Structures are given as structure tokens and as C-alpha cells.
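Student: Okay, sequence plus prediction incoming.
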Amino acid sequence: MKVLVIGNGGREHALAWKLLQSPQVEKVFCAPGNGGTATMTGCQNLPIKVDDFQGIANACQEYSIPLVIVGPEVPLSKGIVDFLQSQGLMVFGPNKMGAQIEASKAWAKALMQEAGISTAKAAVFTDATAAKSYIKSQGAPIVVKADGLAAGKGVIVADTVEQAQAAIDSIFGGAFGSAGNFVVIEEFLIGQEVSVLALTDGVTIRSLLPAQDHKRIGEGDTGENTGGMGVYAPTPIASGALMEKVQKDVLEKTVACLRKRGIDYRGVIYAGLMVTPGGEAKVLEFNCRFGDPETQVILPMLETPLIDLILACVEQRLGEMPPIAWKSGAIATVVAASGGYPGDYEKGKVITGISNAEAAGATVFHAGTKLDKQQVVTDGGRVLNITAIGENFNAALDNAYAAIKYIHFDGMYYRKDIGYRVRS
């Protein structure tokens, strides 16, 4: 069959790459795709924007594509699934109602409270004065979040009351556009963050390998939040016992509450968890799609054909599938970013050394790249994901860092301490 993947990041390159490993997938189209998908055998980029719903539907008709997989959260939140389903297409991803689990932190928080899911204490505000008064009463550290979608950058962990109040001014002042019409203020939780992505057909839900991301731009987890600078899996802190508890107390409760609200959710539910020093998992937030860069380490470890799992979700028969099979060992990815990210950065820098990095044993997933006159050039903040497998974390991380040394573009930056928690 033919499949269309919506999006242009590292997540979408990884999805296309994995789908093409399934014998029943004849061809993958990406809209709009990137430099990696443009040069991958069996894949074709289509110059269609992710929010051009009619253009996407027209392409599916033109190329006889029956299945669409939606990568980014923005088109999901705008109702791409509802529209494409109305055109008779199979779509992997939640409808507009379900996508609120990511599109509105306040909506997601209310869902968690209704479902009895453990999460941080929070309050929602539409007024800066009231929000600042609440911060003063709570003290710091404290977490300030723009309610809507902000490309992973709308969360400010404030160490002081002054920083938190400045964050309020920034969000209500339009730093994140309409995403900042509401502000969610949460208690600061101590522990380690874990990403648990799960597939659901609206009735059954099955978790994928737990991963651990590195959100901050600087080494030692310092500096501004980003979309993620590196990740590894399966993270040891998410033990079998913890994952069983997450399955029962988070994932299954979430699906049940969505169903109770009349929402038929078929796609990915991504729980961002804080594992406290006492071993309790609390939900920080939900996402309505595959994580980025988590997908780039989860899919290479997947042995069950990805297309089988996606079709089982779309056709609501995930419960009939055998357990998901995984490769043994560990995996890590390191993000090569443009200089200046997550702030201002330049595009159009020529990238060299990708083939050498892959010859060294890594898989390089393109994120912010494009093909320009037969050259791959930078086209975003997070540019490449250099991914490597090893028999243990030391080997996986060593392989990724050995491979990234072959890659160059002007201003390239990457953290050199990815995986510091699992190094031995």
C-alpha cells in the first residue's frame, strides 16, 4: 500500500524510514518532507503545507493513497483528521476533540483531574494580576505554562518569584501568540522526566519503549527549554513495575476518560512523566502525537512492523495484536542544532559528512533540512538526529558521538553530555 506522512521533521523522516521496512508498504509520500525524505529510496516529497487539508486530500486521490499518518500537533489541533476522514481516507491520529489533550494544557489538566490521574497541583488564569498574586502566594520554584501550542517552548521553570512574574508578562504580552491567552501555573515537581508514548485504537492502549529526553539547550541541563536536544531508550528509571503502574493508572485511565467524554481517540497518547525520588510517576503533560526526538530512538528498536500497529489502531483491533516486539540493547540520539537555537538562527548552511556518519554505523534522521540544488542544507533549529544502537548505553552513546564528529555545517552545536544519567 501507499502511505502519506504529514510533516517535515526528524519524527516524520523516522516514520517514513520505518514504514519502508514493511514489505506491504509500496511507497511513502511526505508532505512536505525534508532533505532526508527527499533523498530516501521509496519516498517522495509533496510540496504541500501541513495545514492545506484540501491539498492533502487531493494528493491522496491523485496518487491513490488510502492511509495518512499525521506527525505534527498543529494540523491535528486544527482538525485534519476530521476533514480527511470526511473524504473517505484512513487517518492515524486523534480528531480535533482528542487533540485538545495537547492543544490546551488547561483542558488536559481537567481531564487528568476527572480521571483521577496523579499530576502537579495547578491553577489556570486569564488575567496577569491574578496570576502574579497566585505566584506570590505559592512561592518559587514554580512552573509557568502557556496553555496552547508553543513548539515545546511554552514552559518556563522559574527559580524565583520575579522570574515567574516576568514569564507571566511575556506570555500575556504575546510571546506565544494565541497560545498564551490562558496561563497554567503548576507546582514544581522534583525528579526525572520520562517520555512514555503509547498507541491506542480508542479502546486498547499499548505503551512503547520509555525514553528520556534532554530539553535544555545547555550541558548539565541548563539554559532555555528546546524541543529536545537528545534522547535515549529504554530508560532504566522506568522499571517494569513502574511501567505496569503507568499502564493502569495513567494510560488506561486516560483512554477510559476520553471514551466517557465521547471522544474516539485513535493515534498516539504521549505522557510526559515526572518520576519522583520516591518512585511515583506524575503526569506533567500529554501530547497527541509521536514525540520528537523520542520517535527517532523508539522506531529503530521496534521489530513489529509499524504499519501493522498503525492499521490495527485505525481499524480498532489493537487488542487482537500480539505483544509488541523489540530489539535488545540500548539506543541514543544526539541532536545537531543550528547556532543560536532556540533563539534566532540562520538557514541555508551546507551540511557535509552525513554518509560518513552512516558508514560509521549511525542512522541520521533529518529534522530541519532541505534539498537545495542537490545539496542538503540547514532549514531549521534542530537540524539532524544522529542515532546509534549499542549493546548497552555506553556503547550506544559512544557510537552516536563517534558518528557526529563526521558531520559539519557552519554554526553547528550539540550537547556533549547526552545520556549522562545512564553512563557507567
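Tutor: Yep, that arrived. All of these numbers come straight from a predicted model, not from anything done at the bench.
Student: Contacts only, for residue 401.
Tutor: 334, 416 (Cβ atoms under 8 Å, 6 or more residues apart in numbering). Backbone N, C-alpha and C define where each C-beta goes, glycine included.
Student: Show me which residues of the helix or strand containing it are buried.
Tutor: Here residue 401 sits within helix 393-404, counting by DSSP states H and E. Buried residues in helix 393-404, counting neighbours by 16 or more other Cβ atoms under 10 Å, are found at 393, 396-401, 403-404.
Student: what do you get for stretch 172-188?
Tutor: Neighbour-count burial for stretch 172-188, with 16+ other Cβ under 10 Å as criterion, is recorded at 172, 175-176, 179-180, 182-186, 188.
Student: Where helices are concerned, which of the residues you listed count?
Tutor: Secondary structure defined by DSSP state H assigns residue 172 of the buried residues of stretch 172-188 to helices.
Student: Closest one of the buried residues of stretch 172-188 to residue 312?
Tutor: Closest to residue 312 out of those is residue 179 (33.3 Å), distances taken as Cβ to Cβ.
Student: if I look at that closest one, how far off is residue 224?
Tutor: Look at residue 179 and residue 224: by Cβ to Cβ, to the nearest Å, they are 17 Å apart.
Student: Likewise for residue 126?
Tutor: Taking Cβ to Cβ, one finds residue 126 at 25 Å from residue 224.
Student: Then residue 198?
Tutor: Distance of residue 198 to residue 224, given as Cβ to Cβ: 29 Å.
Student: Same question for residue 81.
Tutor: Separation of residue 81 from residue 224 (Cβ to Cβ): 32 Å.
Student: Neighbour count for the two, which is higher?
Tutor: residue 81 (25 against 13; other Cβ atoms under 10 Å).
Student: Point out where the stretch 151-300 of the chain drops to low pLDDT.
Tutor: 152 (pLDDT under 70).
Student: Please enumerate the strands of it.
Tutor: 155-158, 183-187, 192-200, 205-207, 212-213, 216-218, 222-225, 230-233, 267-275, 281-287 (DSSP state E, counting those that start in this stretch).
Student: What about the closest residue in space to residue 414 that isn't next to it in sequence? Give its phi and psi, please.
Tutor: The shortest distance from residue 414 to any non-neighbouring residue, by Cβ to Cβ, 6 or more residues apart in numbering, is to residue 336 (4.9 Å). Per-residue torsions, residue 336: phi -90, psi 120 (degrees, to the nearest 10).
Student: Neighbours of residue 336, how many?
Tutor: Counted with other Cβ under 10 Å, the neighbours of residue 336 add up to 25.
Student: Return the set of buried residues in stretch 323-340.
Tutor: Neighbour counts using 16+ other Cβ under 10 Å place 330-339 of stretch 323-340 among the buried residues.
Student: Just the ones of these in strands?
Tutor: Cross-referencing the buried residues of stretch 323-340 against strands under DSSP state E gives 330-337.
Student: so can I have a markdown table of those showing pLDDT and distance to residue 351?
Tutor: Converted to a markdown table, those look like this (pLDDT from 0 to 100; distance: Cβ to Cβ, whole Å):
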| residue | pLDDT | distance to residue 351 |
| --- | --- | --- |
| 330 | 98 | 27 |
| 331 | 98 | 23 |
| 332 | 98 | 21 |
| 333 | 98 | 17 |
| 334 | 98 | 15 |
| 335 | 98 | 14 |
| 336 | 98 | 9 |
| 337 | 98 | 12 |
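Student: can you list the residues you listed in JSON lines and add distance to residue 206?
Tutor: Formatted as JSON lines, those follow (distance: Cβ to Cβ, whole Å):
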{"residue": "330", "distance to residue 206": "21"}
{"residue": "331", "distance to residue 206": "19"}
{"residue": "332", "distance to residue 206": "24"}
{"residue": "333", "distance to residue 206": "23"}
{"residue": "334", "distance to residue 206": "28"}
{"residue": "335", "distance to residue 206": "27"}
{"residue": "336", "distance to residue 206": "32"}
{"residue": "337", "distance to residue 206": "32"}
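Student: out of those, who's nearest residue 321?
Tutor: For these, the closest approach to residue 321 (Cβ to Cβ) belongs to residue 331, at 22.8 Å.
Student: I'd assumed residue 391 was in contact with that closest one.
Tutor: No - Residue 331 sits out of contact with residue 391 when judged by Cβ atoms under 8 Å, with a separation of 10.8 Å.
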